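Need coordinates for the following:
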Amino acid sequence: MRDFSSAEPVVASHDAHVSDVSLPVNSTPNSAIAAMALNFNSPSPPVIPISDLAAVHEFQDELLLHEEDRPQEECGVFGIWAPGVDVARRAFFGIFALQHRGQESAGIAVSDGQKLQLHTDMGLVTQIFNEEILSSLQGDIAVAHNRYSTTGSSELCNAQPIMTNSSEGIMAVAHNGNLVNAAIVRREMEEAGEVFTTSMDTEVIGKTIEALNDRPLEEALLETMRRVQGAYSLVMMTRDTLIAMRDPNGVRPLCLGRLKDNSGWVVASETCALNVVNATFEREIAPGEICFINGEGIESVFYKEEAKDREDRPALCIFEFIYLARPDSQLMGRNVHQARRRMGETLARQSPVEAEVVIGVPDSGLPAAIGYAAGSGIPYQEGLIKNRYIARTFIQPDQMQRELGVRMKLTPLEDVLRGQRVVVVEDSIVRGTTTKRIVQMIRDAGATEVHLRISSPPYKWPCFYGIDTAARKDLIAYQRSVEEIRQYNGADSLAYITMDNLIEAVGHDKNQFCRACFDGEYPIHIPTDIRYTKLVLGEENGDSTNGHANGNGHYSEQSTLEVVQAMEAVQALEEGGPANHGGGDPGPESAGEWETVGDELVSTS
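Numbers count the residues shown, from 1 in each chain. So this is what the prediction gives:
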């Protein structure tokens, strides 16, 4: 734990992440959550030593392959202003409700009006915080975060919130999203003498605010919005004010809630975090809004400046509806579960098939499966059971368990599947390896036919706005037809929902969303000379990029297609091979022939 007084300068943000409260990884088991709310104290179990964590985590990666073969959200943010309330405890339950948005690290910062305290660590929320830690975090305002890394590697120094300086003194910053010009801004600041201590784009935001501390905070934040480009939903805190800030396109969600006893205010990535802290939904933080909450009330300012490097429209990530958001959340006035159910109903009308049973792939495929059953008249049943307790393990797996792979995460119900023609509804296919294994698993359980129905369009383009997806060459729908994908995964039939039907199910105009992963139309332009990898600001393949962009570090007027082609050309040169330049469906030269080698689909042309 570290305290930050209002007069103390933040010399290095890294220090803010180092806690002198050291706990074993499993210090707070899941079963203790309810007990913590009742002030229950239990001793921490001893750490189980293990000689080779790398081998164990390699096996864990296999167990979690189902999640890794889907787009991964990177962060959940939460903030509360409530004098006289145990804000650290509310923040704990807030980010616990947002755990699906990030599982690598978590942190809570609090302010008592004089100093800021911070505790961060690696792991799940319930592994990091116990009663002793929460009781030590006393204050009237709290900001909390859980993280899945997109820019910046998975290390303790990259845990959030981070601390920075401002005209109002020390402030805590928590970020959900991804900046597309982070390396450019960072390089310029490093050339001016600034020192960075993490590999996160969040530190770029913090350093930008700090560089503007000669201005009133409101002006500094508006100028920060002008300088940084990309997706960001920020929850920040000075010693007496809670601040919520959302990028001008509103790519990532952020909402405002009020405590039911009118004792304070809450901001959170999703509405599912409101009920658990006894708050009600008020409204969404608007794109371009900066909302200040303190003892004088709530005041908002809005960023109005037009920019040539982005489209002037809202662009909420449509994958929030498909997979990322929790099903009990509300987005744009729509319940996420009901939207997913409508996707299934629409898909049933669009792509019917004769079958005896409809099943979904847990968890996000289940609402669409229920909808498909309702729309088709085919009975819905649970056909796959998910082991909900797979996580970091300290038990060395044997060879048999390695071979079981995804079967340790999903178990087929043979009595439901045997002798049946089965419709399997899934929310997306990204790389395709897990879907192939699921199809084979269902066949092994006795299904006579397996028909895949996907409640999103083919995923063809990488995300640069905060979802951790594969390089475009690794996306199975890139330059491969639906029939080629069907042959690869072994299903009897395969159909994706169309974009028009997806938009109908969500219930808003298509221009309210970022749909770039499906159609390549990026609402915020991408600098061509940035190497977009997960470690763009850190080390890759042993070579430190030190945050520097390749080339001149300026935006180009090239089209999105040229951007992706340039990125692929650079990657291909590094890998020693030619680039595949694609803008969607392949032409005659690139269609080729494909065959299965192990779990990979490779070209034989």
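
Do I have it right that residue 242 meets residue 256?
No - using C-beta atoms under 8 Å, residue 242 is not in contact with residue 256; the gap is 10.4 Å. (Glycine included, C-beta is placed from N, CA and C.)

what do these two both touch?
265, 267 (C-beta atoms under 8 Å, 6 or more residues apart in numbering).

neighbour count winner among those two?
Applying other C-beta atoms under 10 Å to residue 242 and residue 256 shows that residue 242 carries more neighbours, namely 28 against 24.

so what's that one scoring on pLDDT?
Here the pLDDT value assigned to residue 242 is 98.

wait, what's in contact with it?
Residues near residue 242 by C-beta under 8 Å, 6+ apart: 79-81, 141, 143, 235-236, 265, 267, 292-294.

Show me what it bridges to in the sheet.
Using DSSP bridges, the bridge partners assigned to residue 242 are residue 237, residue 293.

Can you dump the C-alpha atoms of stretch 455-469 in CSV for me?
Extracted in CSV, the C-alpha atoms of stretch 455-469 (Å, rounded to 0.1, in the frame of the first residue of the first chain):
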residue,chain,number,x,y,z
SER,A,455,-24.7,-14.7,-34.2
SER,A,456,-22.2,-12.2,-35.7
PRO,A,457,-20.9,-11.7,-39.2
PRO,A,458,-17.5,-13.1,-40.3
TYR,A,459,-14.7,-11.5,-38.3
LYS,A,460,-12.2,-10.3,-40.9
TRP,A,461,-10.4,-7.2,-39.5
PRO,A,462,-8.3,-6.7,-36.4
CYS,A,463,-9.4,-4.3,-33.7
PHE,A,464,-7.2,-1.3,-32.7
TYR,A,465,-9.6,0.2,-30.1
GLY,A,466,-9.2,-2.0,-27.1
ILE,A,467,-10.1,-5.6,-28.0
ASP,A,468,-7.2,-8.1,-28.1
THR,A,469,-7.6,-10.0,-31.3
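
Centre of the chain to it, how far?
Stretch 455-469 sits 11 Å away from the centroid of its parent chain (C-alpha atoms, centre = their mean, to the nearest Å).

so how far is residue 252 from residue 245?
Computed with C-beta to C-beta, to the nearest Å, the distance linking residue 245 and residue 252 is 11 Å.

what residues are shared contacts of those two?
232-233.

For the two, work out which one has more neighbours and name it.
residue 252 (30 against 27).

average model confidence for the host helix or strand of residue 132?
Using DSSP states H and E, residue 132 sits within helix 131-136. Averaged across helix 131-136, pLDDT comes to 97.

what packs against it?
Other elements packing on helix 131-136 under the criterion 3 or more C-beta pairs under 8 Å, 6 or more residues apart in numbering; DSSP states H and E are helix 87-97.

Looking at the spatially closest residue to residue 287 that is not a sequence neighbour now. What's its pLDDT?
With sequence-adjacent residues excluded and distances taken as C-beta to C-beta, 6 or more residues apart in numbering, residue 287 is closest to residue 250, at 3.2 Å. Note on residue 250: pLDDT of 97.

now swap in the one 4 residues further on and tell me
The predicted structure scores residue 254 at 98 on the pLDDT scale.

Enumerate every residue touching it.
Listed by C-beta under 8 Å, 6+ apart, the contact set of residue 254 reads 77, 176, 233, 235, 244, 246, 267-269, 284-285.

okay, now the domains of this protein?
Structural domains annotated on the chain: 2-310, 332-520, as defined by automatic domain parsing.

could I get the ones you listed as JSON lines with distance to residue 319?
Listed next are the domains of the chain as JSON lines, based on distance: least, C-beta to C-beta, whole Å:
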{"stretch": "domain 2-310", "distance to residue 319": "6"}
{"stretch": "domain 332-520", "distance to residue 319": "6"}
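
Least confident of the ones you listed, on average?
Across these, domain 2-310 gives the lowest mean pLDDT, at a mean of 81.

where's that domain relative to the chain centroid, distance-wise?
That offset, for domain 2-310, works out to 14 Å (C-alpha atoms, centre = their mean).

before we move on, what about stretch 371-381?
Using C-alpha atoms, centre = their mean, the offset of stretch 371-381 from its chain centre is 30 Å.

contact partners of it?
With C-beta under 8 Å, 6+ apart as the test, stretch 371-381 has contacts from 340-349, 352-353, 355-360, 369-370, 413, 416, 423, 425, 453.

ok, residue 282 - contacts?
255-258.

May I ask which helix or strand encompasses the nearest residue to it once chain neighbours are set aside?
Nearest non-adjacent residue to residue 282, counting by C-beta to C-beta, 6+ apart: residue 256, 4.7 Å away. Per DSSP H and E, residue 256 falls inside strand 255-259.

same question, residue 349
Here residue 349 sits within helix 336-350, counting by DSSP H and E.

neighbouring contacts of that helix?
Counting by C-beta under 8 Å, 6+ apart, 320-322, 325-331, 364, 367-376, 425, 427, 453-456, 495, 497-498, 501-502, 504-507 sit against helix 336-350.

which residues touch whichever helix or strand comes after that helix?
Beyond helix 336-350 on the C-terminal side, the first helix or strand identified by DSSP H and E is strand 357-360. For strand 357-360, the surrounding residues in contact (C-beta under 8 Å, 6+ apart) are 366-370, 372-373, 376, 378-384, 416-417, 420-426.

No further questions, thank you.
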